[in-house]
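Would you be able to build a 3D model of this:
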Amino acid sequence: MPAHYIIQSRSDLEKATLAMEQLKILIVDFETSEIEPYVKGAKLLCASAGNSQTVYTMPLGHEESPFKGDHASEYSFLSSIHRHPRIIAHNAKFELRWLARSGFTPRAVYFDPMIAHH
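Okay, here's the model as predicted:
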């Protein structure tokens, strides 16, 4: 079971983004309020990224998030995900669409287990 860290401060965010940059692969998963990112009221509730040893989760649109309305911190975490050269995501199309909604240009992912299964 990987160590799981919930990012609760800007200091935690800085540590997480630095650690994520060092990972050879980055496994990504988003939890959202809606499946479609452009539906009225759709929110990215949290984003998780890590590998088999360590996972970092940042609460974003969750009602108890310390980052609620802090778009700079949200952008920082999502940017560290987007710029990683080796992203793995199950049904990566979903995460890429949410990244696009947040202003990032969609790009290819390293591996998508759902696609590989077919």
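
okay, CA-based contacts and neighbour counts for the rest of this
OK.

Now for residue 84, how many residues are close by?
Neighbourhood size, residue 84 [other C-alpha atoms under 10 Å]: 17.

got the contact list for it?
By C-alpha atoms under 8 Å, 6 or more residues apart in numbering, the residues touching residue 84 are 21, 25-26.

With residue 110 instead?
By C-alpha under 8 Å, 6+ apart, residue 110 lies in contact with 85-88.

re earlier: please list the members of the contacts of residue 84 that lie in strands.
The strands in this structure, assigned by DSSP state E, contain residue 26 from those.

If we only consider the contacts of residue 84, which is nearest to residue 70?
Relative to residue 70, the closest of these is residue 21; by C-alpha to C-alpha it sits at 21.9 Å.

I would like a ChimeraX command selecting only the buried ones among the contacts of residue 84, please.
In ChimeraX syntax, the buried subset of those is picked out as below (16 or more other C-alpha atoms under 10 Å):
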select :21,25,26
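
from the contacts of residue 84, which is closest to residue 66?
Set against residue 66, the nearest of the contacts of residue 84 by C-alpha to C-alpha is residue 21 (23.2 Å).

Would you mind measuring from residue 40 to residue 33?
From residue 40 over to residue 33 the distance is 11 Å, taken as C-alpha to C-alpha, to the nearest Å.

Name all residues that make contact with the residue nearest the centre of the chain.
The central residue of the chain, meaning the one whose C-alpha is nearest the mean C-alpha position (C-alpha atoms, centre = their mean), is residue 47 at 3.7 Å. Applying C-alpha under 8 Å, 6+ apart, we find residue 47 in contact with 28-31, 57-60, 78.

For those residues, which entry has the maximal number of neighbours?
Among those, residue 58 has the most neighbours (other C-alpha under 10 Å), with 27 neighbours.

My read is that it contacts residue 4, right?
No - distance between residue 58 and residue 4: 10.9 Å, which falls outside the contact criterion (C-alpha atoms under 8 Å).
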